[in-house]
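No sequence on hand, only this structure:
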């Protein structure tokens, strides 16, 4: 009886664990064949930097679910559960093709071409104004996910939102303001956006 070829002997010896390891290594390859890598779509749509803002509307804040306390990397987070104002300054990052179509913390599929964002503790769902002081651009996004879990970063934008804000090149300092239900009802966010748009047009 001829001895088994070396590859078959290896599989026969290692068995199922090795096979599962090989399969998982193939499945975990990210865009461009790079494990764990994220990035823009292969062919970014024209005009993505002109994607309209999310249109704020009063939505009930969910009790439990994505608004329950949770833990990531040993750090405990307690999301806000009321319609309260929130203002932060910190870094903005973004996420793209690696997560496109996957469920967000709200249960909705992530759409990298939508105007959405992730925040560690803002109530889900929420709407927020995000301003890039370096270029004066300001956007409105719908917060439906959790993150980013990196020190110094306060918001993780969708690909389209990052393109609008001009932060695709890396982590960028931004100002984040949650829109309360009262501000949404009175149209305060529209007045703020009009002021910002005028300033941006004057100083592009």
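Yep, that arrived. These figures come from a predicted structure and were not determined experimentally. Numbers count the residues shown, from 1 in each chain.

For the protein, which segments count as helices?
Along the chain, the stretches classed as helices by DSSP state H are 6-14, 16-27, 159-165, 181-186, 188-202.

The ones you listed: lowest mean pLDDT?
Across the helices of the chain, helix 16-27 has the smallest mean pLDDT, namely a mean of 29.

what ranges of this protein fall below the confidence cut-off?
Flagging of the chain using pLDDT under 70 yields the residue ranges 1-36, 189, 191-204.

all strands of it, in order?
In the chain, the strands defined using DSSP state E lie at 70-72, 75-77, 87-95, 116-118, 126-132, 137-145, 153-158, 172-179.

What residues of the third one count as buried?
If I follow you right, that is strand 87-95. 88, 91, 92, 93, 94, 95 (16 or more other Cβ atoms under 10 Å). To be clear about C-beta, it is placed using only N, CA and C from the backbone, and glycine gets the same treatment.

just checking, the fourth one touches residue 158?
No: the pair residue 93 and residue 158 fails to qualify as a contact (Cβ atoms under 8 Å) at a distance of 11.1 Å.

tell me the most buried of the strands of the chain?
Looking across the strands of the chain with neighbours counted as mean count of other Cβ atoms under 10 Å, the highest average goes to strand 116-118: a mean of 27.

what's in contact with that strand?
Residues from elsewhere that reach strand 116-118, judged by Cβ atoms under 8 Å, 6 or more residues apart in numbering: 54, 95, 104-105, 110, 128, 130, 141-148, 155-158, 161.

cool, and stretch 65-75?
61, 76-81, 105-107, 123-124, 146, 149.

Which of those residues are buried, as a PyMOL select command?
PyMOL command restricting these to the buried ones, with burial defined by 16+ other Cβ under 10 Å:
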select buried, resi 61+79+80+81+105+106+123+124+146
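
what would the contacts of stretch 65-75 look like in a markdown table with distance to residue 40?
Below are the contacts of stretch 65-75 laid out as a markdown table (distance: Cβ to Cβ, whole Å):
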| residue | distance to residue 40 |
| --- | --- |
| 61 | 32 |
| 76 | 33 |
| 77 | 28 |
| 78 | 33 |
| 79 | 29 |
| 80 | 31 |
| 81 | 34 |
| 105 | 23 |
| 106 | 23 |
| 107 | 25 |
| 123 | 29 |
| 124 | 25 |
| 146 | 22 |
| 149 | 22 |
